[in-house]
Structures are given as structure tokens and as C-alpha cells.
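A.B. asks: Using only what follows, build the 3D model:
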Amino acid sequence: MKTLLNFFIASLLVALPLAAEQGVDGKIEIGVFDSNESGEQSVVNEYRTSSGGILNIDASTSSDTATFSLVTRLLNADDQKHELRLDISRVFRLTTDYESLLHRTGHDPMTNLEAVTRTARAVYATDDDPGKEYEVEYSEFRNRAEIQSPGLSALTVAILWDAHNREGARQAYTISHCDGCHVQSRSHRLDEKTEDIGSELKLALDRVIVTGAFVSREHTQGVPALTNLYDSELQPELRTPLFEDRLQYDASEGPLPHDLMPDIDKDTYRFEVDLPDVAGFTLHGGGIFATTANTTTGLESDYSGYTVNASRRFGKWMMRWRGRMYEIENDAAWVDTNDRVGVAGPWKGFRYKDKVPIETDFIRYSGLDRSTSESAFDVSRKLGRQAGTLRFTWNYQAIDRDFYQVAVGETETTSNVLGVSWTARPAKGVRTEVRFEHGDVENPFMLIDGACSTLVSGSYPSVFVPGQPQYADVHESRVADTTASPDAWDEIYLLGSYSTTKMSITANYRQWDGENSSGDLTDWGRTSNNATVMLTWMPAESWSWYTGYAWQASELKSGACIPLLDG
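C.D. replies: I've put the predicted structure just below:
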């Protein structure tokens, strides 16, 4: 509320001199509202305020040298929106926006996490804050101030300042293994603050417009991580600590941090060049370079991207093309596994990797490291005033990943999407659209050998018998490639609407059908059909009602392997 108070004080200081000179035009609305909901608030009322006062202000004033406007919508402290605009002689311009809302995230009672065996509880849950209502208050304060000197009107200097806050609490979870699977939840207070500070220079000449900008972001957490004392490791039936060497932690490590949220710093540089007329083409080019640093871990991520847009009219034909290239590079991370020593059983005094030929420490390379090229091309022709517009499209994308294979020996995914559409307004108030697209993907995103282990194991009297299969053996014997992405798909979209000054009706239908059989033993497919009808009526300026109907039918096809275990 301190930010909001400063907002109003600044508004009044600016507006009062103008109002005294020219007066104020606008309106004020005051009222109350109330609603009655039943059931879980996070479902029926996730973002809306259920009751409170209403204050709406729409005011403006102007003189020969300045204009000022203020738009306010206030329901309560958690549901409000304000907009301030100021222009002084076209030399100084200020845009300020403030918005806040409440997000009810709900409370999971975890009643589904209860399962029991004959002698040991297999899965159970503990809620440390059973009566807690989890919700987050979100607020955003955006400011942009521009200065345009009369002596150098082609140059605009802008200062940017944005502040984002998230306050409240969320439900944080932990799980303990190798006694029962014990899930615990507790409240974790949120106090996140994100602040952007930047500047922008824009030079607008007759034949070219050049823009450069820099924004520095700081994201901080005002609360520390939670800590949890995990359960002691015990073999569920024998009640002895046989698996100390197979877990990284339990109660013997003491309280450990969890639900850790890092602090982030980010610097972004941006440049743009606009050429309104080059041999009839309108051109736009630009680039973005950003470095994101996780100050908690010391890891960094770099992004560099370039865009080029071009458009030109050829008689009744219109051509547009957009190209983009970008690269993402992330720091590699060394994962140092806590290799514990067994305290009971045949492996007492040994680490897991002392008995099994496996290396538990490794370097983690990011699967997001990639080089991407994109192209979006379309040509359209106006067929007539009522005959509408015919459009042909071709979208291309190539993603080459540095450290992730989507097929054996292949890291690149290439997709081509061809489309045709027709939009028209054949009569007053009538709008129609028909669109068809076909997509073809080479090497879609896939997990190689993600399912269907072919391992066949014999009978062993104990898990400690030398030579018997281990966890890694099961994974390394998988032979089926899994995916949820198509290698070919088709989409049909139909829309029709009719509107008058007081009524409108809109209906649309969409069908999407895709499949993938390009991997080993891959047999995936999905078909979805969606249709909606919406009727809106406005008998008066401030009174409207609507009704609608939505229909959806979908089918998913995916192969599955069911392992058999006896013992």
C-alpha cells in the first residue's frame, strides 16, 4: 500500500496545478458488491475478489502545454489497477501503471497418499500446517519516462523502472524414502521482489529509426529455504538400515534445506533498426543479448538472438517474412553425489560404487543449450471487398541441441508447416474464417530407449548377492523410444460470427490430428476436437450478459510396457 500511496500523491502533485487552471473532465463511480461462493475457493474464485467496495475514476485535464489523465479501478487492496499519463509540451512524457491481484493456490490435503502393507506403512503423508490457506498477493508497478529535447527532436531518451512483488505463502513438499514413503508438507512464506532498471535511446530520422536499450534485473528472495529432518532409512520389513549406501541422506545428516529459491541477476541489451522504405520493402532488424546469473549457485546462462522482418506489397498481393536465429549456452555443473557407507548387512563398510561398477559423480550439461533458426513466410491476396483474403503460409524451424540426442546420432529437429486460410466479411456483421495446416517434423523431440526394458533376471535369495542386476542394468536394457510429439500432423479450423450493435454470436470448431511412429517401437498419436458457441447481448451500455457452450472430444494413443516382478 505504500507504493500505491506514493502513486496517488505523485498524481495529485502533477494534476492539481493543471486542474486549477483548466478544470477536470471525467467521472467517478462508487459502489459495493458481494457474491456467495461454495466449494474450494481456489477453484471457483481463483483470482477474483468476492466482496468489497467499488471505486472507479476516469479523469483528465489539459492546458496549452500539458495533458494529464488518471484511470483507477479499485475493489480492495488485492484487486486494483491504476493508469497515469502525463505529457508536458511533448518534451517530457510519463507513463505509470500499477496493478495488483490475489491468487488463491489452494491447499492439498494429500489424502490420496495413504497405502498400507501387512507389516509396514508404504505411503503416508503429514501436513504440518493443515489449516493454512495458501495464496499469493501479486503487484506490479511499471514506469516509463521519456525526454525529447526541442533542439534534438529526433532523439528520445527513456528511463525505465519496473517493480514486481509476490508475497504470501505456498505449500512446500519433501519425501523420505526407504522406510515408508513419507511425504511432508509445510507452509513456506513468499517474499519475492523483482526490480528492472533500464534506459533506452531512440533516434528517428527520415529513412531510418535506430533503437538501443539496456535493462538490469535483480530478483531476490526475502526468506530463506526451509529445513527438514528426513526419516531414518530402514528396510520396511526387517526394520534394519540395510540401504544407507543407496541413499544420499536421511536423519543422520541432520536438518537439510529444501524448497530453495535462488536469487537471480539478469542484464539484457537490445538494438533495433527500422527502414520504412528500401526498394518498396519495409524492413526491421534487431538483436537481443542477455546474461542470466544464478547468484545462489554461481551458474550463468547466455542468450543471443537476431531477428529480421520484411514486408512488401505487389499489387493485390502482400508478402511478409520474419526470420529469427538464437543461441542458448548454460554453464555446466559438477554433481558431487554424497556417497555414504553402509552400516548394516553384507555391504557394511562399503559405498555402493565399491560393489557396483558405476560412477555416481558426473558433469551435468544443459539440455537447453541449442542453436535455433526460424522462418515465417506468408503471402496473401485480397479477393474483393466481400470476397475476403486468401493467405498461404510456410513456417520453418530447426533446433540443434548441443548435448541432447532426439534420435541415435541426431541432435537436430526440423519442422515445416504449410498452411492456407481464407477470411471474409461477406455481409454486414458477418465474419468467416477457414484455415488448414499440415506439419511435418524430422527427428521430433524424443527420449531414446525410454521404456520397455528387456532385462530378464533369475531368482536370488537376497539383494546383496553378487552379480545380480542393479538399477542401472534395468535402465540400460530399455529399447523403446518414447515421445509426446508428432512427426506429422494436420489441423482444421472453422469460425463464423454475426454481430449487431447489441448482440453477437460466435461459433468455432478445431480439429487436430497427429501421430509419431518414427522411433524404435514408437506408436504415439493424438486426435482432439473442440467446438464452442458464444452468445452475447448488451441491452444497455453498462449491462451485458452472455451464455456459451463448449464441446471437446480427444483420443490419445500410446504404447506401454508392463514389467512383471515376482519378489
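
A.B. asks: so Ala507 bridges to which residues?
C.D. replies: Gly496, Val533 (DSSP bridges).

A.B. asks: Distance check, it against Leu494.
C.D. replies: 8 Å (CB to CB, to the nearest Å). All C-beta spots, glycine's among them, are computed from the backbone N, C-alpha and C.

A.B. asks: buried set for the longest strand anywhere in the chain?
C.D. replies: The longest strand of the chain (DSSP state E) is strand 181-204. With burial defined by 16 or more other CB atoms under 10 Å, the residues of strand 181-204 counted as buried are 181-188, 190, 192, 194, 196, 198, 200, 202.

A.B. asks: can you check stretch 219-231 too?
C.D. replies: His219, Gln221, Ala225, Leu226, Asn228, Tyr230, Asp231.

A.B. asks: So for it, first residue to last residue, what's the gap.
C.D. replies: 34 Å (CA to CA, to the nearest Å).

A.B. asks: List of residues touching it?
C.D. replies: Stretch 219-231 has contacts (CB atoms under 8 Å, 6 or more residues apart in numbering) with 172, 174, 176, 179-180, 182, 184, 186, 188-194, 249-251, 253-266.

A.B. asks: for that stretch, what is the average pLDDT?
C.D. replies: For stretch 219-231, mean pLDDT rounds to 95.

A.B. asks: distance between that stretch and the chain's centre?
C.D. replies: Relative to its chain's centre, stretch 219-231 lies at 23 Å (CA atoms, centre = their mean, to the nearest Å).

A.B. asks: still on that earlier bit, restrict the longest strand of the chain to CA atoms and write it as PDB.
C.D. replies: Output of strand 181-204 as PDB, limited to C-alpha atoms (Å, rounded to 0.1, in the frame of the first residue of the first chain):
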ATOM      1  CA  CYS A 181       7.500 -43.200   1.500                       C
ATOM      2  CA  HIS A 182       6.800 -40.300   3.800                       C
ATOM      3  CA  VAL A 183       5.500 -37.100   2.200                       C
ATOM      4  CA  GLN A 184       5.500 -34.000   4.300                       C
ATOM      5  CA  SER A 185       4.200 -30.500   3.600                       C
ATOM      6  CA  ARG A 186       4.500 -27.200   5.400                       C
ATOM      7  CA  SER A 187       4.000 -23.500   4.700                       C
ATOM      8  CA  HIS A 188       6.800 -21.500   3.100                       C
ATOM      9  CA  ARG A 189       6.400 -17.800   3.200                       C
ATOM     10  CA  LEU A 190       6.900 -15.900  -0.100                       C
ATOM     11  CA  ASP A 191       8.600 -12.500  -0.300                       C
ATOM     12  CA  GLU A 192       9.900 -12.200  -3.900                       C
ATOM     13  CA  LYS A 193      10.900  -8.900  -5.300                       C
ATOM     14  CA  THR A 194      11.900  -8.300  -8.900                       C
ATOM     15  CA  GLU A 195      13.200  -4.900 -10.000                       C
ATOM     16  CA  ASP A 196      14.100  -3.800 -13.500                       C
ATOM     17  CA  ILE A 197      16.100  -0.600 -14.100                       C
ATOM     18  CA  GLY A 198      17.000   0.500 -17.600                       C
ATOM     19  CA  SER A 199      17.400   3.100 -20.300                       C
ATOM     20  CA  GLU A 200      16.500   3.400 -24.000                       C
ATOM     21  CA  LEU A 201      17.800   5.600 -26.800                       C
ATOM     22  CA  LYS A 202      15.700   6.100 -30.000                       C
ATOM     23  CA  LEU A 203      16.900   8.100 -33.000                       C
ATOM     24  CA  ALA A 204      14.200   8.600 -35.600                       C
END
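
A.B. asks: Listing partners with orientation, what would you give for that strand?
C.D. replies: Strand 181-204 has these strand partners (DSSP bridges): strand 121-127 (parallel), strand 155-176 (antiparallel), strand 209-221 (antiparallel).

A.B. asks: how about JSON lines for the ones you listed, with distance to Glu412 added?
C.D. replies: Output for the strands paired with strand 181-204, formatted as JSON lines (distance: least, CB to CB, whole Å):
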{"stretch": "strand 121-127", "distance to Glu412": "42"}
{"stretch": "strand 155-176", "distance to Glu412": "37"}
{"stretch": "strand 209-221", "distance to Glu412": "32"}
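
A.B. asks: closest one to Gly26 among those strands?
C.D. replies: For the strands paired with strand 181-204, proximity to Gly26 was assessed by CB to CB; strand 155-176 is nearest, at 26.9 Å.

A.B. asks: The closest one: which residues count as buried?
C.D. replies: 156, 158, 160, 162-166, 168-172, 174, 176.

A.B. asks: Check stretch 347-361 too.
C.D. replies: Per 16+ other CB under 10 Å, stretch 347-361 contains these buried residues: Trp347, Arg351, Tyr352, Val356.

A.B. asks: Just the ones of the residues you listed in helices?
C.D. replies: Tyr352 (DSSP state H).

A.B. asks: what's the closest of the buried residues of stretch 347-361 to Val273?
C.D. replies: The closest of the buried residues of stretch 347-361, once distances to Val273 are taken by CB to CB, is Tyr352, at 58.2 Å.

A.B. asks: so Glu133 sits right up against Thr105, yeah?
C.D. replies: No. Glu133 is not in contact with Thr105 according to CB atoms under 8 Å; the separation is 9.3 Å.

A.B. asks: which SS state does the residue most central in space within the chain fall under?
C.D. replies: The chain has Leu368 as the residue nearest its centroid, 15.3 Å off, counting by CA atoms, centre = their mean. The assignment at Leu368 comes out as coil when based on DSSP: H, G, I helix; E, B strand; the rest coil.

A.B. asks: residues contacting it?
C.D. replies: Counting by CB under 8 Å, 6+ apart, Leu368 touches Ser301, Ile328, Asn330.

A.B. asks: Tell me how many other residues crowd the second one.
C.D. replies: The one in question is Ile328. As a burial measure, Ile328 scores 18 neighbours (other CB atoms under 10 Å).

A.B. asks: For it, which three-state class applies?
C.D. replies: strand.

A.B. asks: returning to what we had before: between the buried residues of stretch 347-361, which is nearest Ile57?
C.D. replies: Scanning those for proximity to Ile57, where the rule is CB to CB, the winner is Tyr352, at 67.3 Å.

A.B. asks: Let's see the pLDDT reported for that closest one.
C.D. replies: 90.

A.B. asks: just use 13 as the starting number from now, easier for me
C.D. replies: Will do, 13 is the new start, and the previous item becomes Tyr364.

A.B. asks: thought it was touching Leu259?
C.D. replies: No. Using CB under 8 Å, Tyr364 is not in contact with Leu259, being 9.4 Å away.

A.B. asks: What does Trp549 show for phi and psi?
C.D. replies: Main-chain dihedrals, Trp549, degrees, to the nearest 10: phi -140, psi 130.

A.B. asks: just the helices in the stretch 413-562 of the chain please.
C.D. replies: 483-488 (DSSP state H, counting those that start in this stretch).

A.B. asks: Just give me the neighbour total for Gly451.
C.D. replies: Neighbours of Gly451 using other CB under 10 Å come to 19.

A.B. asks: now that we're looking at it, which residues does it contact?
C.D. replies: Ser427, Asn428, Val429, Leu430, Pro498, Ala500, Trp501, Asp502, Glu503, Gly526.

A.B. asks: Helix, strand, or coil at Asp366?
C.D. replies: helix.

A.B. asks: separation between it and Thr372?
C.D. replies: 11 Å.

A.B. asks: for Ser197, same thing?
C.D. replies: Separation of Ser197 from Thr372 (CB to CB) stands at 29 Å.
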